[in-house]
Every structure is written in C-alpha cells, then in structure tokens.
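Asks: Only the shape, not the letters, is given here:
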Ligand SMILES: [Ca+2]
Ligand SMILES: [Ca+2]
Ligand SMILES: [Ca+2]
C-alpha cells in the first residue's frame, strides 16, 4: 500500500470488492412470496397475523428524484436531497387539527419480531437504539417506526383523528432482501394493506381515513419467513383534533470507562448541516487521483446520523485546463460526488480513547475512512493514523510517518479482510471503531478486535521524534475510485456512509 500512495498533498489511501446487488425499480409491481432467510441470526418467527380481505386505499409513492446522472439542481448546501423533514408535532391552536408523528406518541401496546420497535431508526439488531437511519429506496426519513416482522403496534386515538399516512417498505439496510406486508387496522377492521413487498420494491404511500377510530393498529406480516424483514413505517403521522400523549424517544447512553472522562463528542443529533463548530469541508479534487468531487451538499445530519452520500453525478471542474498533466486540472468533469469533513483548527486531541460508530456498504470502488492527521507540519511528517479505512475487501489500519524524501511515507500498515471477521452480513451492521492512544502506544480496533498497534518509539520521523506525541485532528470522508478505491462503475449509487457518533475520552488526571 505505501507504494500506491499519492504524491504530494497529505497522501491518502485505500478500497474493496463485492458483486453489485441486483437493482430493481422501486416501483416494480408487488411481488408475491419470495421470502428468504438471509441476515444470519434472525430466526423464523410465527406466521403473520391473519387479516380481513383487502380494502382501503393504496397508492404508489411518488417517484424519488434520481440522484444519479445529470444535474445537481435542487441540492441545498448542507442538505441531502432526501425526504423533506418530517412535520414535527406542534401544539394545537384552539380548534385547529394537529399533525402528529406516531414515533413521538406513546404506544398502547407493541410487539416486534426482533428486539424492540425503534423510534426514528431502522430495526437494526436486537438492542434498542441500534438501528440506522430509516431509508426506503434512496430516501432517508427523519421520523417513523422501525420494526421487524411479525410486528404490531397500537395507538389509542380516542376517535379524535381523521387521517393516517405513512410511507412503508423494507428498509434499504437489508440491500433488497426481506419480504413483508403492511396492514393498518382500526378497531380490528382492516383499513388498508400493501400486499407483499420485498426489499427490492422500494416504498408505498399509505393514506387512510381513520375517522372515529379508537384503536389504531399497525401490523407487519412476515410472509413465509422473517429473515431480513426490517419493515419501516416512515413519516407515519396522524391528523387529530387535539394532541395525544407524547413519549420521549430514548437515546442509548454514552458508556463510562473507568479512569476516563468524555471530553468531546458529536452525536449528530441536530438535523441539517454538520455542526460548523466541529467540522469544515474539503472541496473539489483533493488527493489520490480519486474520482469524486467533494462538496458540502453530500453531507447532512438526519435522525441522529451524519450521512455522507456518494452519488453518480457530473460536476464541471472549474480548474480544467486542456492539455494539463495534473489530474486535478486535466479532467473536465467529475463523474461522482461525495463529501469529506475534517476538524482541523476546530477540534484536535492528544491522547485518549477515540470512538466512532459507523456503517458503510462494502462495494468495490468505495473508500470510506476515519483518520487522524497531526496539526503541525506537512504530510507525512505530521503523522497519519488510519483508524477506519476500507477498500479492496479489507479494513486497513495504518500509521504513517515521514522519511527523508518529501511526500514519501514510512508505513506500518495492516489489512484485515472482511472475510476474516466471520460475518457474511458484516457491512449490514454498524461497528464500533476505537483508537486507544497514550504516550507509549496506540491500539486500533473494531468491535474490540485489534486491527493494528504501534509502540511510538518504533516508528519515528527522520529527526528521531514521533509525530504521534502531538495533537491531531480528525477526518471523515467517503472517497470513490482513485489510486486504491477500485473501479466504482458497478456501485449502486447513491450509497451512504452513516456515522452515529464520534466521541473522545481522556484519562482523568
Ligand atoms: Ca434494535
Ligand atoms: Ca418475510
Ligand atoms: Ca447519533
């Protein structure tokens, strides 16, 4: 890997491979009974609840704006072209109806096929709060219920509401797997249902009359099996004559580590652009001859996550010069866009325990990373630490210091193939990346498994000093292609690198 490094700049790295998934139109007709049992540990659950015959209204959801080919029109800086923010629950003006998000209301009863029903997150694993953003097709939703078939959740409406609406489907985190059907019942009578939807079917829009309904029940049936049945009731809302009892959405607690205190964190819990107190953006072509054009528009905070979206879209290169030999100016267009955030000049750290919870799809052509660079000096004598870096089917955990040749690094690099991690669905799940760093040593790990470690005295700059004794800032980016990322032409863009939090703990003096 060192030999592949770019020349100049703050050299950068890495990429990986997996066959492209079958892409199917979000609006294919309903498919019947193609239930599968992937997603490893999820067992077969009881068959779906029976329901009365089909009634009620059901219509296809509006076609999402494709973010591939073509222009970037409509993109707002700091906002992904996602679903508009959900209408928040608002206090009722006297006599005026209110629109309420069901994820903010207290359920009268609930059951779920795998762990608890999640609020404003996908089902994820068996623990509460361990899902990702709610995503149907390529649309990210801030609000809704993340369930796993077979599931049922009911709300006491007291006959005061008029309309229920939601956009429903199997969450995109299942990569096309899963098969479910959604049913809405009012006082035990079927008001509407979708029929069976697979993970390849995208979303359906439901809008139903619930006038006079006392008890609203949202049911997801599993079909033949319930593997991968992560079913979202996205932007699920009701319009009522007055507000209903609200329940706060519980957030997973920050862990305590003996002898450490939390000194900085970004939980990404404020919707919109990433917090400018912590993050700046790189723009344009930056390093490693990568294919993407970096722009702030591709990063946004939604529902507790920083989402960096990689897109196939053309952007003109304003620095283009015909006949140029420099890769940054020889390309008339960028074929892809993405985002790169860094905390330089805003947040930097010297020693401690740094943690990141994140997920990315492990496609050939993608090169997501979480890394550190020393505040002072130029690359690589300022010291580079790659905590999370993925390409070419492997996690790469690296330390880089300077040599006597400018822009040439001395590398301590370890690649860990994903196949060595013992989970066929590894990239479906979130993982916890950690750097433990003190005066003597650095240990890089994922989910408690060591990926690489360094004794500082064993890798130094030519002046005999370790750059890893100095403060460093952090970077988060999703690169595409380039010197190590691999050919991205088969990646099913748009793709998302999702980051739940970054935390820094330091030892108590
Ligand atoms: Ca969960
Ligand atoms: Ca199923
Ligand atoms: Ca978060």
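Replies: That came through, no problem. These figures come from a predicted structure and were not determined experimentally. Ligands and ions are numbered 1, 2, ... in the order given.
Asks: CA only for contacts and neighbour counts going forward, please
Replies: Fine.
Asks: Residue 374 is in contact with residue 475, correct?
Replies: No - the pair residue 475 / residue 374 is not scored as a contact, 11.1 Å apart, by C-alpha atoms under 8 Å.
Asks: Pick out whichever of those two has more residues nearby.
Replies: Counted by other C-alpha atoms under 10 Å, residue 475 and residue 374 do not tie: residue 374 has more neighbours, with 25 against 19.
Asks: residues touching residue 321, list them.
Replies: By C-alpha atoms under 8 Å, 6 or more residues apart in numbering, residue 321 lies in contact with 329-332.
Asks: got a winner among those for most neighbours?
Replies: The most crowded member of these, judged by other C-alpha under 10 Å, is residue 331 (21 neighbours).
Asks: can you pull the contacts of that residue?
Replies: Neighbour list for residue 331: 317, 320-321 [criterion: C-alpha under 8 Å, 6+ apart].
Asks: just the residues you listed now: which is nearest ligand 3?
Replies: Nearest to ligand 3 out of the contacts of residue 331 is residue 317 (C-alpha to the ion; 34.0 Å).
Asks: and the closest one, what does it touch?
Replies: By C-alpha under 8 Å, 6+ apart, the residues touching residue 317 are 284, 329, 331-334.
Asks: One more pass at 7 Å, please.
Replies: Residues near residue 317 by C-alpha atoms under 7 Å, 6 or more residues apart in numbering: 331-334.
Asks: Would you mind checking which of the residues you listed is nearest to residue 221?
Replies: Closest to residue 221 out of those is residue 334 (44.4 Å), distances taken as C-alpha to C-alpha.
Asks: got the phi/psi numbers for residue 154?
Replies: Phi and psi for residue 154, reported as degrees, to the nearest 10, are phi -130, psi 150.
Asks: Count the residues that sit near it.
Replies: Per other C-alpha under 10 Å, the neighbour tally for residue 154 reads 21.
Asks: Let the chain start at 4 from now.
Replies: Fine by me, first position is 4 from now on; the one you just mentioned is residue 157.
Asks: What is the burial count for the closest residue to it other than its chain neighbours?
Replies: Sequence neighbours aside, residue 220 is the residue nearest to residue 157 in space, at 4.2 Å (criterion: C-alpha to C-alpha, 6 or more residues apart in numbering). Residue 220: 24 surrounding residues under other C-alpha under 10 Å.
Asks: Tell me the confidence at residue 57?
Replies: pLDDT, residue 57: 30.
Asks: quick one: average pLDDT of stretch 319-332?
Replies: Average pLDDT, stretch 319-332: 98.
Asks: Any buried residues in that stretch, and which?
Replies: Neighbour-count burial for stretch 319-332, with 16 or more other C-alpha atoms under 10 Å as criterion, is recorded at 320, 323, 331-332.
Asks: Out of these, which two are the most distant from each other?
Replies: 320 and 331 (8.5 Å).
Asks: which stretches of this protein have low pLDDT?
Replies: Across the chain, residues meeting the criterion (pLDDT under 70) sit at 4-97.
Asks: Where does the record place the domain boundaries for it?
Replies: 5-21+256-510, 83-243 (automatic domain parsing).
Asks: Distance to residue 250 added to those, as CSV?
Replies: Below are the domains of the chain laid out as CSV (distance: least, C-alpha to C-alpha, whole Å):
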stretch, distance to residue 250
domain 5-21+256-510, 17
domain 83-243, 5
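Asks: Need the winner for burial among those domains.
Replies: Counting by mean count of other C-alpha atoms under 10 Å, domain 83-243 has the highest mean neighbour count of the domains of the chain, with a mean of 22.
Asks: Do any residues in that domain lie close to ligand 2?
Replies: Yes - using C-alpha under 5 Å from the ion, domain 83-243 reaches ligand 2 at 182-183, 225-226, 228-229.
Asks: How far off centre is that domain?
Replies: Taking C-alpha atoms, centre = their mean, to the nearest Å, the mean C-alpha location of domain 83-243 is offset from the chain mean by 20 Å.
Asks: Stretch 445-455 now?
Replies: Offset of stretch 445-455 from its chain centre (C-alpha atoms, centre = their mean): 22 Å.
Asks: now the end-to-end length of it.
Replies: In stretch 445-455, first residue to last residue: 8 Å (C-alpha to C-alpha, to the nearest Å).
Asks: now do stretch 383-392
Replies: End-to-end distance for stretch 383-392: 17 Å, by C-alpha to C-alpha.
Asks: any idea how far the residue lying closest to residue 397 once chain neighbours are set aside lies from residue 393?
Replies: Excluding the flanking residues, the one nearest residue 397 by C-alpha to C-alpha, 6+ apart is residue 420, at 3.9 Å. Residue 420 is 9 Å from residue 393, where distance means C-alpha to C-alpha.
Asks: Likewise for residue 145?
Replies: 27 Å.
Asks: One more: residue 101?
Replies: Counting by C-alpha to C-alpha, the gap from residue 101 to residue 393 is 46 Å.
Asks: Residue 408 now?
Replies: From residue 408 across to residue 393, the span is 27 Å (C-alpha to C-alpha).
Asks: Please apply the same query to residue 445.
Replies: Per C-alpha to C-alpha, residue 445 is found 20 Å from residue 393.
Asks: about what we covered before: and the residues of domain 83-243 next to ligand 2, which is closest to residue 155?
Replies: residue 225 (11.3 Å).
Asks: I'd assumed residue 185 was in contact with the closest one.
Replies: No - using C-alpha atoms under 7 Å, residue 225 is not in contact with residue 185; the gap is 9.2 Å.
Asks: Quick one: the helices in the protein, in order.
Replies: 330-333, 485-488 (DSSP state H).
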